[in-house]
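**Q** what follows is a protein structure lacking sequence information:
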């Protein structure tokens, strides 16, 4: 009856352990779907989220575009992520190249063992011999792969292509950051210009309202005229507040593109001080040709294709055997004792070396078609990579064509916008002078003021479109403005 009691005790202990484990799991989760999980202290986790780096932005300085690009290349976390990816790919190349070297390992085993072996009672009265052993076995093993029909070389080729793609991705990450900084910078500095235009509109609307009130006192205007002038002044003030409301969003976008906290204020140069982009001197065909030759992400697609081709070669090499040189040197040291016979042998010692060398061949004769399936998978990945190269090339050509067209259209619109602004200024000044002399109506004056404000905004938007289109064309073509080259 003792064995069943022991079994019952073991079963009871297992049941209790399962119950305790279940309760422990329940304590680590929410008690029900309707109740939030009681959060423990996560102070050690939240410390990681707190920025410990001092801001590199000088709040008193007006930054030029090149300066912000330099800051972004040094501080944006995305450049560091891409850099670590490239370093990881470089380490992977060294890892696969190590397969060309032999593997040398040492092993040691020590301990005590007692083994019983049956024997006739005429020799062993107890019916068995017992061998007690105390021993230590040490060995030095060598294995060197001599022939693998291209397995290692294909793996090295694939790793080198991954490294090339990672380095190109690192360069493209810099170009993407530069492009985002450019767009955010142009948006913010143009908003500063729009605020100035909106403020000028408020001032001119106030001047019109004051003129209307003066005309009313002289009996040359009506109360509805003054009310309309006040309405236009209020609308101009509302437009000013609307433009200023977008300035904070532009500040946040610029800070994020640089890689600093969104709460960091950045002052930028005046929009009017920005140099106009260079005139297009190349044809769109020349830009496309240079982009295909130099754009990092396109070349990275080709590198990915080369990697897939190397994987195909490695998969096909699995059809062939491998030949390795194997060797080992070891020593057995210890003592043993044999009991159970007519006479106990007592402890006796032994210490003998062992060694060997030879060639090992391994060849999978049958594996259920696994090698063929691996080849098919590798071929499918290679074909997909080929299609991705074609798709990326066509998409890049389309993007460059559109960006090139946008630049050409923006350049043509720039002259038209300048002419519109000049005409609107002259029309407003003439209408204002005529109104003050009683030769024109308030309706015409308000219309002239609205057209002047519109012309100023059109002029700013046209210049902004030109800057953005030029930046987009440079990015689509794989070009970057001169700036700090990051240390590798």
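**A** Yep, it's here. Just so we're clear, the structure is a prediction, and the values are computed from it rather than from any experiment. Numbering: from 1, shown residues only.

**Q** CA atoms for contacts and neighbours, from now on please.
**A** OK.

**Q** so residue 325 is in which element?
**A** strand 322-339 (DSSP states H and E).

**Q** direction included, what does that strand pair against?
**A** Looking at strand 322-339 with DSSP bridges, its partner strands are strand 128-147 (antiparallel), strand 348-362 (antiparallel).

**Q** turn the ones you listed into JSON lines, including mean neighbour count and mean pLDDT.
**A** Shown next, in JSON lines, are the strands paired with strand 322-339 (neighbours: other C-alpha atoms under 10 Å; pLDDT from 0 to 100):
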{"stretch": "strand 128-147", "mean neighbour count": "17", "mean pLDDT": "88"}
{"stretch": "strand 348-362", "mean neighbour count": "11", "mean pLDDT": "87"}
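
**Q** run the chain-centre distance for stretch 364-376.
**A** Relative to its chain's centre, stretch 364-376 lies at 36 Å (C-alpha atoms, centre = their mean, to the nearest Å).

**Q** distance from the centroid: which residue in the protein tops it?
**A** Distance from the C-alpha centroid of the chain, by C-alpha atoms, centre = their mean, peaks at residue 122 (80.7 Å).

**Q** how about that residue, phi and psi?
**A** phi -70, psi -20 (degrees, to the nearest 10).

**Q** please apply the same query to residue 268.
**A** phi -120, psi 170.

**Q** could you report the pLDDT at the residue farthest from the centre of the chain?
**A** Reported pLDDT at residue 122 in the predicted model: 73.

**Q** same deal with residue 287?
**A** 89.

**Q** packing partners for whatever helix or strand it lives in?
**A** According to DSSP H and E, residue 287 maps onto helix 284-294. Applying 3 or more C-alpha pairs under 8 Å, 6 or more residues apart in numbering; DSSP states H and E, one finds that helix 284-294 makes contact with helix 296-317, helix 370-436.

**Q** what's the distance between the last one and the middle of its chain?
**A** When C-alpha coordinates are averaged (C-alpha atoms, centre = their mean), helix 370-436 and its chain have centres 24 Å apart.

**Q** quick one, it and helix 296-317 angle?
**A** 170 degrees (axes from the mean of the first three to the mean of the last three C-alpha atoms, to 10 degrees).

**Q** residues near residue 456, how many?
**A** Residue 456 has 25 neighbours, counted by other C-alpha atoms under 10 Å.

**Q** correct me, but it touches residue 423?
**A** No. The criterion here is C-alpha atoms under 8 Å, and residue 456 misses it with residue 423 at 11.0 Å.

**Q** for the nearest residue to residue 420 once chain neighbours are set aside, give me its contacts.
**A** Leaving aside its sequence neighbours, residue 420 sits nearest to residue 455 (C-alpha to C-alpha, 6 or more residues apart in numbering; 6.2 Å). Shown in contact with residue 455 (C-alpha atoms under 8 Å, 6 or more residues apart in numbering): 417, 420, 421, 424.

**Q** okay, and residue 455 sits in which element?
**A** Short version: residue 455 belongs to helix 442-476, going by DSSP H and E.

**Q** ok and that helix relative to helix 284-294, angle-wise?
**A** Using the same axes, to 10 degrees: helix 442-476 against helix 284-294 is 40 degrees.
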